[in-house]
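Participant: What would the 3D arrangement of this be:
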Amino acid sequence: MAYPQLTDKPGALETAAAIRAGELSVAEAVDAAITRIEHFDAEVNALAVPDFERAVETAKAMDRDGPTGDQPLFGVPMTVKESFDIAGLKTCWGYEELTDYVATRDSDLVRRMKAAGAVILGKTNVPIDLADWQSFNAVYGRTTNPHNAERSPGGSSGGSAAAVASGMVAAEFGTDIGGSVRVPAHFCGVWGHKTTWGLVSRQGHDHPQMARRKGFVAAHDGVLSIAGPYARNPEDLAILTQIGAQYPLTARRKPIAECKFLAITEYPGAPVDASVAEPTEAAIDTLQAAGIKIDRASSLVPDLEAQQAQYLRMLNTAKARGGPAPNGKRATATDWFDLLDEQAVKQFEWARLFEEYDFVLAPPAPVLAIRHLDEAVFKGTICVNGQDIPAATGLAWAGIATFPNLPSTVLPIGSGLYEGAELPCGMQVMGPWMSDLDCIHAAGEISSILHG
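Facilitator: Sure, this is the predicted structure:
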């Protein structure tokens, strides 16, 4: 089943083109976006920290002075995830006790967006500590899914995806360590891209408990975690990725008809609900009918069960920063180096697979948008094919690209029926290291085949 977008508002590049052509002023674009936010956000609650006054003043100055050099996003209103620092705005990651931290400088990513001409309207909602597939906290309240107010928009970048899906803004940036870009894109029916690890700087994306220490600046990107964009079309996703990248990106743009795909739709210990499996299989059938070469199995696939265990150990160790695990044990330096060795082996195995295949297709999550819960999803269960299973098993579909540090684009492929509601469904297009633009391009060609 096709799932329509909720808005017909122009994308980022289309908005910038209209401004360059004189069809629209920056001030008009910003005012229109603020009006949309004021209209939709009463129900969706995506925007956590508005910055409208400065955005309006910035727009007026941009109309007066015009673009400076190459600014592909000149005049485009957008938002960023609450966890990115913007000078003069608070960053609290959903913690009530940390609302006194006000950033004194922009994060590197925000500086890049502004340099490209974007006008930042504010920051979008997150779960506490960026650790849930929901987006609610006591500071900013609960964000709802624009497609169904009783459902989660995902997390931890749920406010990001909801803002783009509802048409409040054309573009956003979130972060992802456990599917936090890909799951909200899947839940909300928008495009999202998990970048190659380290491609986009996360300087200025620091836990506020650390950032408020005088002079604290993160000197490295946290293990596994990435920053990645949201949009409503692949062209916008590609330009956002290029602007955010701190290293040059190249693209083969190999025609999809010449590509060889591997579809991974089963993961040991991580079953997929029929609401996801059925639209995924329908998409694969449509692609194969169009002549696309898709294998359903390969001896080159790494040991996924082992990878999931390794990923969860690294994820939990990184999140605890070496602190005691729930069982009271601390990871030793030897434990950590062993994990790095295991990660390197998996990176090599995936690289070998991508010598044979151009891309891997996979579900982004085992279920569609879940109902709102009063506690974190990962403290409980999710319903898969009528059975309650530990929610953490669903992280396997995030870890499939996260543990080996690979890029993955999520595109909307249709919809499914989950727990009585018709909801959007996405699919991951995963590629080799630094093939970010090729993943996005392939996803765009897949979308053209699926949706015409």
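Participant: gap between A318 and N327?
Facilitator: 17 Å (Cβ to Cβ, to the nearest Å). All C-beta spots, glycine's among them, are computed from the backbone N, C-alpha and C.
Participant: neighbours of the nearest residue to N148 once chain neighbours are set aside, just the number please.
Facilitator: In space, N148 comes closest to A421 once its chain neighbours are excluded; the distance is 5.5 Å by Cβ to Cβ, 6 or more residues apart in numbering. Other residues near A421 come to 17 when the count uses other Cβ atoms under 10 Å.
Participant: Provide the backbone phi and psi angles at A421.
Facilitator: Per-residue torsions, A421: phi -130, psi 140 (degrees, to the nearest 10).
Participant: Now do the SS call for F187.
Facilitator: Following DSSP: H, G, I helix; E, B strand; the rest coil, the label given to F187 is helix.
Participant: quick revisit: what about A318 and N327, which has more around it?
Facilitator: The neighbour count for A318 versus N327, taken as other Cβ under 10 Å, is higher for A318 (17 against 5).
Participant: Can you name the residues in contact with the helix or strand where that one lies?
Facilitator: A318 belongs to helix 304-320 when assigned by DSSP states H and E. Contact with helix 304-320 is made by 131, 177-178, 222-225, 264, 267-270, 325, 331, 335-336, 339, 342-343, 346, 392, 395-396, 399-400, 402-404, as judged by Cβ atoms under 8 Å, 6 or more residues apart in numbering.
Participant: Stretch 16-27 now?
Facilitator: Stretch 16-27 has contacts (Cβ under 8 Å, 6+ apart) with 10, 15, 29, 56, 59-60, 62-63, 67, 72-76, 117, 119.
Participant: wait, which of these is closest to S448?
Facilitator: Closest approach between the contacts of stretch 16-27 and S448, by Cβ to Cβ: P10, at 19.1 Å.
Participant: just to revisit the earlier point, is it true that the residue nearest to N148 touches R151?
Facilitator: Yes - contact criterion Cβ atoms under 8 Å: A421 and R151 qualify, at 6.7 Å.
Participant: residue boundaries of the helices in the chain?
Facilitator: Remark: helices assigned in the chain by DSSP state H are 12-20, 26-44, 52-65, 108-115, 158-165, 182-188, 208-211, 234-244, 274-289, 304-320, 333-356, 396-402, 436-451.
Participant: Give me the helices and strands touching the fourth one, please.
Facilitator: Just to be clear, that refers to helix 108-115. Contacts defined by 3 or more Cβ pairs under 8 Å, 6 or more residues apart in numbering; DSSP states H and E place helix 108-115 against strand 77-81, strand 119-124, helix 234-244.
Participant: Rounded mean pLDDT for it, please.
Facilitator: Averaged across helix 108-115, pLDDT comes to 98.
Participant: any idea how far it is from the chain center?
Facilitator: 18 Å (Cα atoms, centre = their mean, to the nearest Å).
Participant: same question, stretch 167-177
Facilitator: Relative to its parent chain, stretch 167-177 has a centroid offset of 7 Å by Cα atoms, centre = their mean.
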